[in-house]
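>>> Structure, please.
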Amino acid sequence: MKLFYSTASPYARSSQIVLREVGLDPESIEVAIHPFDNQPEFLNVNPLGKVPCLMTEDCGAIFDSEVIAQYLDASFNQARLYKPIQENWQYRTTYSLISGLLDLCVALRQEKMREAEQLKSDFWWQRFVSGIDRGMLELANRCQHLDDGFSLIDINLCCLIDYLKFRHPEININVAPISKRYQRICNRPSIIETAPSD
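Have a look, this model is predicted:
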């Protein structure tokens, strides 16, 4: 089994965290790449050229991060990380909200990169920032209704907060319910070992 990942990708990081949480050895599985390098080995297993991608012996290539997380959890952890979400529609919506926030954060990062080339769109910039602001307020409300367990919601929440710190430090993330949830899980070894970097 191989997990292709990039150290800067919050999606890949989610898969890396799950890999550790289900008890697998990352050193024998993880393969760091830069997706823009278009390495033939990587493109052969994922024609989309996006990380993460998990190459398995029984199911071939698996992508994206949510599918990888569910596969690893079901195969090696009796679905303990996903089961609380699967059985609760509000938790599923919270999980989807965090995924959507990650999408907006990555899109904003891409817009920042265009700014250096004087190609920034003020319309899209404001739309992404406004979406993040509204989404964080909704997430703060939803965090107050989560139980004390640990699930894929918490993993993606950590990926979101750390990515905001990493790429968008100007955005306020000190919203009490979110910070409280983050603080109770951010010191897990799987979180610390996979901190984002360039």
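
>>> Who are the packing partners of the lowest-mean-pLDDT helix or strand in the chain?
Lowest on mean pLDDT, DSSP states H and E among the helices and strands of the chain sits helix 40-45, with a mean of 90. In terms of contacts (3 or more CB pairs under 8 Å, 6 or more residues apart in numbering; DSSP states H and E), helix 40-45 is packed against strand 53-56. No exception for glycine: its C-beta is placed from N, CA and C like everyone else's.

>>> what's the spacing between the strand it packs on and its chain's center?
17 Å (CA atoms, centre = their mean, to the nearest Å).

>>> Return the set of buried residues in that strand.
Residues 53-56 are the ones in strand 53-56 that count as buried (16 or more other CB atoms under 10 Å).

>>> any chance of the residues you listed in TSV, plus pLDDT and distance to Lys83?
Output for these, formatted as TSV (pLDDT from 0 to 100; distance: CB to CB, whole Å):
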residue	pLDDT	distance to Lys83
Cys53	97	25
Leu54	98	20
Met55	97	25
Thr56	97	21
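
>>> now, among those, which is nearest to Glu117?
Proximity of those to Glu117 (CB to CB) peaks at Cys53, which lies at 28.5 Å.

>>> ok, that closest one touching Gly60?
No - if you go by CB atoms under 8 Å, Cys53 and Gly60 don't touch, sitting 10.5 Å apart.

>>> Which neighbours do these two have in common?
Val45 (CB atoms under 8 Å, 6 or more residues apart in numbering).

>>> list the contacts for Asp37?
If you count contacts by CB under 8 Å, 6+ apart, then Asp37 has nothing around it.

>>> do you know how far Ile155 is from Pro35?
Ile155 is 21 Å from Pro35, where distance means CB to CB, to the nearest Å.

>>> got the contact list for Met55?
Here Met55 is in contact with 1-4, 45, 61-62 (CB under 8 Å, 6+ apart).

>>> And these, which is the shakiest by pLDDT?
Ranked by pLDDT, the contacts of Met55 bottom out at Val45, which has 91.

>>> In contact with it, which residues?
So Val45 contacts 4, 53, 55, 60-61 (CB under 8 Å, 6+ apart).

>>> Nearest residue to it in space, ignoring adjacent ones along the chain?
Spatial nearest neighbour of Val45, excluding adjacent residues (CB to CB, 6 or more residues apart in numbering): Ala61 at 4.2 Å.
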